[in-house]
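Q: Prediction below, plus the sequence it came from.
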Amino acid sequence: MPFKIIASQCTGCSACEPLCPNVAIYEKGGTFTIDPKKCTECVGYFDEPQCVAVCPVDDTCVVDTSWPRRQASA
Amino acid sequence: MNAVAGRGRRTGVAEYIGEIAEHKGCRTSPGGTRTNCGSQAGQGDLPKTIWEKVKNHPCYSEEAHHHYARMHVAVAPACNVQCNYCNRKYDCANESRPGVVSEKLTPEQAVRKVLAVATSIPQLTVLGIAGPGDPLANPEKTFKTFELVAKAAPDIKLCLSTNGLALPDYVDSIARAKVDHVTITINTIDPEIGAKIYPWIFFNHKRYTGIEAAKILTDRQLQGLQMLTERGILCKVNSVMIPDINDQHLVEVNKAVKSRGAFLHNIMPLISASEHGTVFGLNGQRGPTAQELKALQDACEGETNVMRHCRQCRADAVGLLGEDRSAEFTTEGIMAMDVKYDAEMRRAHQAKVEDERAAKVAAREEELAELAGRKSEITLLVAVATKGSGLINEHFGHAKEFQVYELSTSGAKFVGHRRADVYCQGGHGEEDRLSNIIGAIKDCHAVFVAKIGDCPKSNLIKAGIEPVDQYAHELIEKSAIAWFRCYLDKLRTGEILHVKRDDAAIRQKALTSAA
């Protein structure tokens, strides 16, 4: 399952954007959004999802349960 | 990463701190004795090259801060460290504290803003990048901004303020960008204390917590500091004084940063109120009182130069340190402005400021000569209402802050400032405002003003603070020394008795700019 950013909690600090190995994060109206089609949960790149690890607001980058689980492209 | 691996064999935290604190060797401050410079008034015994770097920098020279302005551009929103005293989400335009801004800027917008401000405020000498996150967690935006500003306005000094985590990786870039002033916030050198201040750091693609996080941060900060000073880049260390967490320990921090060549140590009081939404604000962690802060600053001053004139300004602050004119320079406003950068006009204006400064120093020295030969153990504090230029030129009722000077037979020394503005929440009445001001300067024997009404006058006298308006529009230091001489005379004739004053409060709450 990909991650999503809860817009109402996002401070728009942009810390996550350059860290995403899939370039899945982009700015939209002052806050940031994850493209669920591109997100691989950082599997194959890093031990932990980068957006979750760097986000200054707890529980703002969360698993998007509305999408099926994705695997990293080999 | 190397720093972490290198620490693996250590046995205990105490040994670790001992080693950091004992570190020897530096470039900008060789030897064991303090150089008389930095936050103090004049060149003193400072080498000419360093004096040239600091003399017009309001944050590095106490004297310069009466005359020269600085600005921060908020191009760096991302951060790699979480601090318990910071909440960058909170943005009140009327609030002044680090980490808070109203608008984020692109490097292109930032350079436009710098040109607009430098033209409107010709005494602007410094551009700093201080956030609202960490400049080195936003390296592209930060260095692009420096590059553009250096090209468009080469007379402006470049400055950055960092938590130090990424610093060792960017020392070369900093030197290349000709940034010659770097501030590192170092609140502790003890990872156990660090764990109480920093819940986590983000380092090498991983989130670290607790003591491990604090240890990485400390190592990187001290390593970065040393790398910078070895290259002759002037470093200031900021420390937030948090009572019962790092207050006593900051003396150790002071020694550790001094031995690595820090030029100036700025010990600031914790700003923490529940409405800021910070961890410390919400859990009721108090800030220090004015006396606690001054005692710690005095204890560290024996070791290194201590900055006492920091206003803990916003990451988008504009103007003299005691004022904030950021609201005059909105992005929309500056994009519409027709800006012609006039370096010649700025030079001429700054030459006039230099003449003013020289006259001020001459007047102070003359007055000091009058005091020569007097013997007295008495030291006391006085508050001054000023709008800048080193003059007593503000009405008591209009003052947003009071500058505090310590007077003794060796002269008048700037030791701090107290904010006196109307509070955001509650306390709108004149009565409340007056009692807030009295609370903020309760440790002072007198308050120097350009003008004061009868009602506040009598209230001040009742509180034991002498309102002094006879030196209106005159130079602060000269007037304060003259007043102190009269004070000593009156003591000698028995006309008055010297009484010790109470402690004073450092205001914690948000303020309104319309004070």
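A: Right, received. Where do you want to start?
Q: And for the closest residue to chain B within chain A, the neighbour number?
A: Sorted by distance to chain B under C-beta to the nearest C-beta, the residues of chain A start with residue A:15, at 3.5 Å. Glycine gets a C-beta too; all of them are placed from N, C-alpha and C. Applying the criterion other C-beta atoms under 10 Å in any protein chain shown, we find 24 residues in the vicinity of residue A:15.
Q: Also residue B:298?
A: Considering only other C-beta under 10 Å, residue B:298 is surrounded by 13 other residues.
Q: secondary structure class for the closest residue to the residue of chain A closest to chain B other than its chain neighbours?
A: With C-beta to C-beta, 6 or more residues apart in numbering or on different chains as the criterion, residue A:15 has its nearest non-adjacent residue at 3.5 Å, and that residue is residue B:78. Secondary structure for residue B:78, judged by DSSP: H, G, I helix; E, B strand; the rest coil, is coil.
Q: isn't residue B:78 right up against residue B:137?
A: Yes. In this structure residue B:78 lies within contact range of residue B:137 using C-beta atoms under 8 Å: 4.7 Å.
Q: okay but residue B:396 is in contact with residue B:447, surely?
A: Yes. Shown here, residue B:396 and residue B:447 form a contact pair, counting by C-beta under 8 Å, at 7.0 Å.
Q: Name the residues contacting each of the two.
A: Each of B:385, B:467 lies in contact with both residue B:396 and residue B:447 under the rule C-beta atoms under 8 Å, 6 or more residues apart in numbering or on different chains.
Q: Could I get the contacting residues of the residue nearest to residue A:15?
A: Contacts of residue B:78 (C-beta under 8 Å, 6+ apart): A:13, A:14, A:15, A:54, B:133, B:134, B:137, B:138.
Q: where's the first one relative to residue B:128, distance?
A: Residue A:13 sits 19 Å away from residue B:128, taking C-beta to C-beta, to the nearest Å as the criterion.
Q: Residue of chain B closest to chain A, please.
A: Nearest to chain A, among the residues of chain B, is residue B:78, at 3.5 Å (C-beta to the nearest C-beta).
Q: Give me the phi and psi angles of that residue.
A: Recorded main-chain torsions at residue B:78 are phi -80, psi 150, according to degrees, to the nearest 10.
Q: do you know how far it is from residue B:127?
A: Distance, residue B:78 to residue B:127, using C-beta to C-beta: 20 Å.
Q: Over to residue B:281?
A: From residue B:281 over to residue B:127 the distance is 30 Å, taken as C-beta to C-beta.
Q: The two: who's more crowded?
A: residue B:127 (26 against 20).
Q: What pairs with the helix or strand hosting that one, parallel or antiparallel?
A: Remark: residue B:127 resides in strand B:124-129, with elements defined by DSSP states H and E. When pairing is defined by DSSP bridges, strand B:124-129 lines up against strand B:69-72 (parallel), strand B:157-162 (parallel).
Q: Mean confidence (pLDDT) on it, please.
A: Mean per-residue pLDDT for strand B:124-129: 92.
Q: so what secondary structure elements neighbour the helix or strand just after it?
A: Proceeding C-terminally, strand B:124-129 gives way to helix B:139-152 as the next helix or strand, assigned by DSSP H and E. Counting contacts by 3 or more C-beta pairs under 8 Å, 6 or more residues apart in numbering or on different chains; DSSP states H and E, helix B:139-152 is packed against helix B:107-120, strand B:124-129, strand B:157-162, helix B:167-176.
Q: Swap in 6 Å and give it another go.
A: Taking 3 or more C-beta pairs under 6 Å, 6 or more residues apart in numbering or on different chains; DSSP states H and E as the contact definition, the neighbouring helices and strands of helix B:139-152 are helix B:107-120.
Q: Can you point out the buried residues in the helix it packs on?
A: For helix B:107-120, burial by neighbour count (16 or more other C-beta atoms under 10 Å in any protein chain shown) applies to B:107, B:109-120.
Q: In a markdown table: the residues you listed, plus pLDDT and distance to chain A.
A: Conversion of those to a markdown table gives the following (pLDDT from 0 to 100; distance: C-beta to the nearest C-beta, whole Å):
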| residue | pLDDT | distance to chain A |
| --- | --- | --- |
| B:107 | 95 | 13 |
| B:109 | 93 | 15 |
| B:110 | 94 | 15 |
| B:111 | 94 | 19 |
| B:112 | 93 | 20 |
| B:113 | 92 | 19 |
| B:114 | 94 | 21 |
| B:115 | 93 | 25 |
| B:116 | 92 | 24 |
| B:117 | 92 | 24 |
| B:118 | 91 | 27 |
| B:119 | 90 | 30 |
| B:120 | 88 | 28 |
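Q: residues from chain B in reach of chain A?
A: In this structure, chain B approaches chain A at residues B:77, B:78, B:89, B:133, B:202, B:205, B:207, judged by C-beta under 6 Å from any C-beta of the partner chain.
Q: Doesn't the last one lie inside a helix?
A: No. When the secondary structure is assigned by three-state DSSP, residue B:207 falls in strand instead of a helix.
Q: ends of stretch B:237-255, how far apart?
A: One end of stretch B:237-255 to the other measures 11 Å (C-alpha to C-alpha, to the nearest Å).
Q: So, low pLDDT: which residues of the chain?
A: By default, I'm working from chain A. Within chain A, the stretches with pLDDT under 70 are A:69-74.
Q: wrong chain, I was asking about chain B
A: For chain B, residues meeting the criterion pLDDT under 70 lie at B:1-45, B:88, B:90-100, B:102, B:303, B:421-431, B:507-515.
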